[in-house]
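Asks: Sequence and predicted structure below; questions after.
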Number of protein chains: 2
Amino acid sequence: MSIAEAGEFGLIARIVAQLDEGPAVLLGPGDDAAVVAAPDARVVASTDVLVEGRHFRRDWCTATDVGHRAAAANLADIVAMGAAPTALLVALVAPVDLPVTWPEELATGLGTEAGKVGASVVGGDVSAGPLTVAVTALGDLAGRPPVTRTGAQPGDVLALAGRTGWAAAGYAILSRGFRTPKIFVEAYRRPQVPYAAGPAAALAGATSMIDISDGLLQDLGHVASGSVAGIDVRKDTFEIPAQMRDAAGALGIDPYLWILTGGDDHALAATFPPDAELPEGFTVIGSVHEGTGVTVDRGPWQGGAGWDHFR
Amino acid sequence: MSIAEAGEFGLIARIVAQLDEGPAVLLGPGDDAAVVAAPDARVVASTDVLVEGRHFRRDWCTATDVGHRAAAANLADIVAMGAAPTALLVALVAPVDLPVTWPEELATGLGTEAGKVGASVVGGDVSAGPLTVAVTALGDLAGRPPVTRTGAQPGDVLALAGRTGWAAAGYAILSRGFRTPKIFVEAYRRPQVPYAAGPAAALAGATSMIDISDGLLQDLGHVASGSVAGIDVRKDTFEIPAQMRDAAGALGIDPYLWILTGGDDHALAATFPPDAELPEGFTVIGSVHEGTGVTVDRGPWQGGAGWDHFR
């Protein structure tokens, strides 16, 4: 059955049937708007959009994968503020001949990924058109100030939770027509986001934090410019897994290109005062100093750039 | 200059330059997420998506018009819960050759419409792809329970704030290749939403409320099924303006088709207990009774249906 045959309201009913309600939901799907708890009288909110052919391909990812990826990208933005995600809203644009199982599986992926952090899908909209998934995530700061991109101080340590380069390796593998090694392809399809590290970093006194979605060096550039400071990344702090070294070698790619400029893993980079005790999951990868811009081992990185969504 | 030439971050900077910050904004655009006040520890949230060729045409609407329409559709969902809108988040998908003035003007329209209710654009995302605008609106219930679609009671009066049929008339006029009468074309381009009527209805004890976006009879159908009650609309309560009668006559259309099934004006339909004093702007258009479904003058409406976004 296509979504045109299911009809707008039939489709919505099928999507809602895939969803569970999380603890923050005061009024779930089915009305003009949802009502979500915002316990400390503030709400954190972020939007990310995924477009077929640009952010995903249906022959590379199942609908469930796309749901996981879309949710992960948004939930990562919330935890990067030090907040706990509470809810997702989803705008789905889909061609009328799309099988109705695709949005159903998308909803399953969105709901499962959101469920990892106790959040849930509370509302959305559907329309005919070119396949596009726009997700808005909401979150709760639990009384803490948000951890922004602007607070890094010279002398701070730079630390990373989660991994970089894995999704980029998966993307490179799929781009060349391969389907293995599976660990990288799976990392591209369903990013493993270190969700708990976001609030933990806030509690540990992080001075700045960002979600690595476009590439480590590029995203750290936002922290450097926002904080008016220089950031240096040390290459030798990254241990390149043997499988990544092998895959990179087979494809003729420097694995540090993946590690330093690959996006989509949604690791969290945070800066901490030099005397802070780093929370579980964070590893020191560099430092903040007087100056501007991002360097690698105190010099310019010459190996290639991050992602611009219009190039 | 195209948006590809401006680049992702250049485009975002140009959009943000068009925006003002409303009073609820604790942290505006520029970080992983925004932070918005939610004074009573709850947030109301709704998403609507507009797709080029489906919800708007660039030869019928300026970018500023599209901004007004996209904001209005979302803000109307928030006020239909009885809440006051606080913030919008916008996901813009746009072809790379789109002139950069288009998103700038879109932002102006979004911001101006949001400003009518003291709300503002706090964040968003941009990507290359087919022109699509997905907006999420947030709002504040000021301690009141949300007014849902499920509380209409037999004996209640049905009342309407705002107008119906105007945007449908404008759409019909544009569809036939005309550009006048301008009042209907303008009503299609920039809906006049009775924003203040939403919270006023909540204060006056409305038992249910809905935003009329797909057509009065269709949207009242959601209230009837949600409330497990019948709703009857009285045709003679609608005064058809002379200009609408003339335009309908010229196009060979029954003006009640526009009034009863036309969407996109974002009027608010609410039910009130029989002894309630109706707030300013509301007019009685019918009643709630034991039963199911929506009738017109106690009989079935045979003149055509509302809008299904997949047909």
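Replies: Right, received. Where do you want to start? Numbering: from 1, shown residues only, chains lettered A, B, ... in the order given.
Asks: which SSE is the residue of the stretch 151-300 of chain A found nearest chain B in?
Replies: Nearest residue of the stretch 151-300 of chain A to chain B, counting by Cβ to the nearest Cβ: residue A:211, 5.3 Å away. Glycine gets a C-beta too; all of them are placed from N, C-alpha and C. Secondary structure from DSSP states H and E places residue A:211 in strand A:208-212.
Asks: Return the list of helices and strands in contact with that strand.
Replies: Contacts defined by 3 or more Cβ pairs under 8 Å, 6 or more residues apart in numbering or on different chains; DSSP states H and E place strand A:208-212 against helix A:63-79, helix A:197-203, helix A:216-227, strand A:267-272.
Asks: got the buried residues for the following helix or strand past the last one?
Replies: The C-terminal neighbour of strand A:267-272 among helices and strands, as given by DSSP H and E, is strand A:282-289. Of all the residues in strand A:282-289, those buried under the rule 16 or more other Cβ atoms under 10 Å in any protein chain shown are A:282, A:285, A:286, A:287, A:288, A:289.
Asks: State the mean pLDDT of strand A:282-289.
Replies: Mean pLDDT, computed over strand A:282-289, is 98.
Asks: same question, stretch A:253-264
Replies: Stretch A:253-264 comes out at a mean pLDDT of 94.
Asks: neighbouring contacts of that stretch?
Replies: Stretch A:253-264 has contacts (Cβ atoms under 8 Å, 6 or more residues apart in numbering or on different chains) with A:69, A:73, A:164-169, A:171-172, A:188, A:191, A:212-218, A:233, A:235, A:238, A:240, A:244-245, A:248, A:296, A:301, A:303-307.
Asks: could you redo the last one with a cut-off of 7 Å?
Replies: Residues from elsewhere that reach stretch A:253-264 (Cβ atoms under 7 Å, 6 or more residues apart in numbering or on different chains): A:164-165, A:167-169, A:172, A:188, A:191, A:212-218, A:235, A:238, A:240, A:244-245, A:248, A:296, A:301, A:303-307.
Asks: ok, now stretch A:220-229?
Replies: A:149-154, A:208, A:210, A:230-231, A:233, A:269, A:288-294.
Asks: same question, stretch A:13-24
Replies: A:6, A:28-29, A:36-37, A:86-87, A:100, A:103-104, A:107-108, A:111, A:115, A:118-121.
Asks: Show me what counts as buried in it.
Replies: Within stretch A:13-24, the residues scored as buried using 16+ other Cβ under 10 Å are A:14, A:15, A:18, A:19, A:22, A:24.
Asks: Can you show me the CA trace of stretch A:176-195 as CSV?
Replies: The C-alpha atoms that make up stretch A:176-195 are tabulated as CSV, following Å, rounded to 0.1, in the frame of the first residue of the first chain:
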residue,chain,number,x,y,z
ARG,A,176,32.9,3.0,-3.6
GLY,A,177,30.2,0.4,-4.0
PHE,A,178,31.2,-1.8,-1.1
ARG,A,179,29.2,-3.0,1.9
THR,A,180,32.0,-4.1,4.2
PRO,A,181,33.6,-3.8,6.7
LYS,A,182,30.2,-3.8,8.3
ILE,A,183,31.2,-2.0,11.5
PHE,A,184,31.8,1.3,9.5
VAL,A,185,28.8,0.9,7.3
GLU,A,186,26.7,0.4,10.5
ALA,A,187,28.4,3.4,12.1
TYR,A,188,27.2,5.5,9.1
ARG,A,189,23.7,4.0,9.2
ARG,A,190,23.2,4.3,13.0
PRO,A,191,25.6,6.7,14.7
GLN,A,192,26.5,5.7,18.3
VAL,A,193,26.1,9.0,20.1
PRO,A,194,27.5,9.3,23.6
TYR,A,195,24.3,10.9,24.9
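Asks: neighbours around residue A:85, how many?
Replies: 30 (other Cβ atoms under 10 Å in any protein chain shown).
Asks: again, but for the one 5 residues further on
Replies: Residue A:90 is surrounded by 30 other residues when neighbours are defined as other Cβ under 10 Å.
Asks: on that earlier part again, and the contacts of stretch A:220-229, which of them are buried?
Replies: Among those, those scoring as buried are A:149-153, A:208, A:210, A:230-231, A:233, A:269, A:288-289, A:294 (criterion: 16+ other Cβ under 10 Å).
Asks: one step back: any chance of the helices and strands packed on strand A:208-212 in TSV, plus mean pLDDT and distance to residue A:55?
Replies: Listed next are the helices and strands packed on strand A:208-212 as TSV, based on pLDDT from 0 to 100; distance: least, Cβ to Cβ, whole Å:
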stretch	mean pLDDT	distance to residue A:55
helix A:63-79	98	8
helix A:197-203	98	22
helix A:216-227	97	17
strand A:267-272	98	18
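Asks: Name the nearest residue to residue A:78, ignoring sequence neighbours.
Replies: Among residues not flanking residue A:78 along the chain, residue A:139 sits closest, at 3.7 Å (Cβ to Cβ, 6 or more residues apart in numbering or on different chains).
Asks: mind checking the backbone torsions on the one you found?
Replies: phi -160, psi 170 (degrees, to the nearest 10).
Asks: Just the pLDDT for it.
Replies: 98.
Asks: do the same with residue A:307
Replies: 57.
Asks: Could you do residue A:9 as well?
Replies: On pLDDT, residue A:9 comes in at 89.
Asks: From residue B:123, how far off is it?
Replies: Per Cβ to Cβ, to the nearest Å, residue A:9 is found 30 Å from residue B:123.
Asks: before we move on, what SS does residue A:13 have?
Replies: Under DSSP: H, G, I helix; E, B strand; the rest coil, residue A:13 falls in the helix class.
Asks: do you know how far it is from chain B?
Replies: Noted for residue A:13: a distance of 12 Å to chain B, by Cβ to the nearest Cβ, to the nearest Å.
Asks: Then residue A:118?
Replies: For residue A:118, the distance to chain B equals 16 Å [Cβ to the nearest Cβ].
Asks: What is the burial count for that residue?
Replies: By other Cβ under 10 Å, the residues close to residue A:118 number 13.
Asks: Nearest residue to it in space, ignoring adjacent ones along the chain?
Replies: Leaving aside its chain neighbours, residue A:118 sits nearest to residue A:22 (5.5 Å; criterion: Cβ to Cβ, 6+ apart).
Asks: now the helices: where do they sit in chain A?
Replies: Applying DSSP state H to chain A gives helices spanning A:3-17, A:63-79, A:101-115, A:166-175, A:182-189, A:197-203, A:216-227, A:242-251, A:255-261.
Asks: residue contacts, residue A:188?
Replies: A:167, A:170, A:171, A:174, A:264.
Asks: out of those residues, who has the most neighbours?
Replies: Busiest of the contacts of residue A:188 [other Cβ under 10 Å] is residue A:170, holding 29 neighbours.
Asks: ok, that residue touching residue A:182?
Replies: No - in this structure, residue A:170 is not within contact of residue A:182 by Cβ atoms under 7 Å, at 9.1 Å.
Asks: now the stretch 1-150 of chain A, which segments are flagged as low pLDDT?
Replies: Within the stretch 1-150 of chain A, no range satisfies pLDDT under 70.
Asks: Run the chain-centre distance for stretch A:243-257.
Replies: Relative to its chain's centre, stretch A:243-257 lies at 23 Å (Cα atoms, centre = their mean, to the nearest Å).
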